[in-house]
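**Student:** build me a model from this:
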Amino acid sequence: MVEPVLYGSLIQLAIGFFLFVAAGYFVTLALFGEKIGLVEKIIFAIVLGFFVPTLAIFILNYFLGVKIDSVAVAVIYALIAAVAFWFGSGKSFLKRKHS
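**Tutor:** Numbering: from 1, shown residues only. Take a look at the predicted model:
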């Protein structure tokens, strides 16, 4: 029998870590672009990886009454990473539409 600690928890940890890093990194790139150095990118990615999704989760839970579970948190992190990647890609929506 496979222990739950070695099966589900490690997979959730890997997915959560990836989403945390992706959200923080893409928010950092969306805000600052390539204007800052490597150390600053790492620090801002960690700080924004904690702050932005936590703020979104708080707003969704407290003001909108959304029930928060592990799937909701993963979806919020993924959405924040996707939106930040889109904003940080350098092209606006109108330029994407016409090209």
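
**Student:** how much space between I57 and I42?
**Tutor:** As judged by C-beta to C-beta, to the nearest Å, I57 and I42 stand 23 Å apart. Bear in mind the C-beta positions are built from the backbone N, C-alpha and C, glycine included.

**Student:** check F17 too.
**Tutor:** When distance is defined by C-beta to C-beta, F17 is 15 Å away from I42.

**Student:** K41 touches L31, doesn't it?
**Tutor:** No. At 10.6 Å, K41 does not count as touching L31 under the criterion of C-beta atoms under 8 Å.

**Student:** what is the neighbour count of V73?
**Tutor:** Around V73 sit 16 other residues, with neighbours defined as other C-beta atoms under 10 Å.

**Student:** any idea of the pLDDT on it?
**Tutor:** V73 is assigned a predicted lDDT (pLDDT) of 90.

**Student:** which residue packs closest to it, ignoring adjacent ones?
**Tutor:** If the residues on either side of it in the chain are set aside, V73 comes closest to I57, at 6.5 Å by C-beta to C-beta, 6 or more residues apart in numbering.
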